[in-house]
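S.K.: Show me how the following folds:
(chains A, B and C)
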Amino acid sequence: MPELPEVEMRRRLVASCALHQRVERVIIRDTSILEGATPRTLQRNLAGREFVKTHRHGKWLFIGADSGRWLTMHFGMTGDIEYCEAPINEPPYTRARFGFENGQSLIFTDPRKFGEIGITSDISSFLNKRKWGPDPTHPGFDRVTFRDLLRNRTGLLKGVLMNQRVIAGVGNLYADEMLFQTGLHPETSVGNLRRATIDALYDAMMTVFAASLAVDTDYERLPGNFFLRHRNYSGLCPKCRRPLSTAQASGRTTYYCPRHQRRRS
DNA sequence: AATTCCTCCTGATAGC
DNA sequence: TGCTATCAGGAGGAAT
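M.R.: Numbering: from 1, shown residues only, chains lettered A, B, ... in the order given. Alright, predicted model coming up:
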């Protein structure tokens, strides 16, 4: 479910309510979400500590403790975070719970269990090990960066945009929005795209992320000409009011308007 | 080295 | 109504 803006919302939630309190207990309800960590290592590094800072890279969330270690979180398709009183109000599908001394808990829920939790001492090496690409919302990521990332790539544009090793944070839905706003067919070849087209894609990416965060990722509050408002099986193109088409691109369902999204360079 | 396909897991919904 | 099939905002690993 969550792409870059949704993970940013989760980061803000953690930053606003879960910092500077002592973690009394670390409870792992399902060890299958742990990646490179055990319940014991999480407890040893976090119990008795305070979370003091947060960081996000693409769809990854990092929560820093005063032990110097970072709790790492990825939300997969259905992962989420809640801050509530527990165990009284512990939500369904709770996979991990970090209980504070005030009775509130930071809770990681995930019905499908595609998400993961771990621990690292160094964010850079964590990201490098997975060969993750740069986060487009971080300082220094500009049009030139984007051009260089798309240069010398092959395959379909949709697949490249969703490839986290190229750009970290764009998923299926935001890729569709970017392609619609740029008027590009999802199966456009990424090779030999003109510079102006690549720049337009970059502009769309930045616009879409900012617009989504401006409405707290509530798509219903996006302007009516945004694709995300109409992206469903009965949806109509906001420009021509004709039914959208679907296709499989890189294994994912892609929605597009056949009139307004053409293969071109 | 870069891409594509299969797979993990569970709930919601479409279709019969 | 009740059952079955399909699909879902992700990504690692195998296969190509």
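S.K.: mind listing the helices for the stretch 1-150 of chain A?
M.R.: A:4-17, A:39-46, A:123-129, A:143-150 (DSSP state H, counting those that start in this stretch).
S.K.: Switch these over to a markdown table; also include distance to A:T246, mean neighbour count and mean pLDDT.
M.R.: All C-beta atoms are positioned from the backbone trio N, CA, C, and that covers glycine. A markdown table is the format used below for the helices of the stretch 1-150 of chain A (distance: least, Cβ to Cβ, whole Å; neighbours: other Cβ atoms under 10 Å; pLDDT from 0 to 100):
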| stretch | distance to A:T246 | mean neighbour count | mean pLDDT |
| --- | --- | --- | --- |
| helix A:4-17 | 22 | 19 | 98 |
| helix A:39-46 | 41 | 16 | 97 |
| helix A:123-129 | 33 | 13 | 95 |
| helix A:143-150 | 25 | 16 | 96 |
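S.K.: Show me the one of those helices that comes nearest A:P92.
M.R.: Each of the helices of the stretch 1-150 of chain A has some distance to A:P92 by Cβ to Cβ; the shortest is helix A:4-17, at 18.0 Å.
S.K.: what's the closest non-adjacent residue to whichever residue of the stretch 101-250 of chain A sits closest to DNA strand C?
M.R.: Nearest to DNA strand C, among the residues of the stretch 101-250 of chain A, is A:G171, at 2.2 Å (Cβ to the nearest atom of the strand). For A:G171, ignoring the flanking residues on the chain, the nearest one in space by Cβ to Cβ, 6 or more residues apart in numbering is A:E3 at 3.8 Å.
S.K.: Whether stretch A:154-173 contacts DNA strand B - can you check?
M.R.: Yes - judged by Cβ under 7 Å from any atom of the strand, stretch A:154-173 comes into contact with DNA strand B at A:T154, A:G155, A:L156, A:G159, A:V160, A:N163.
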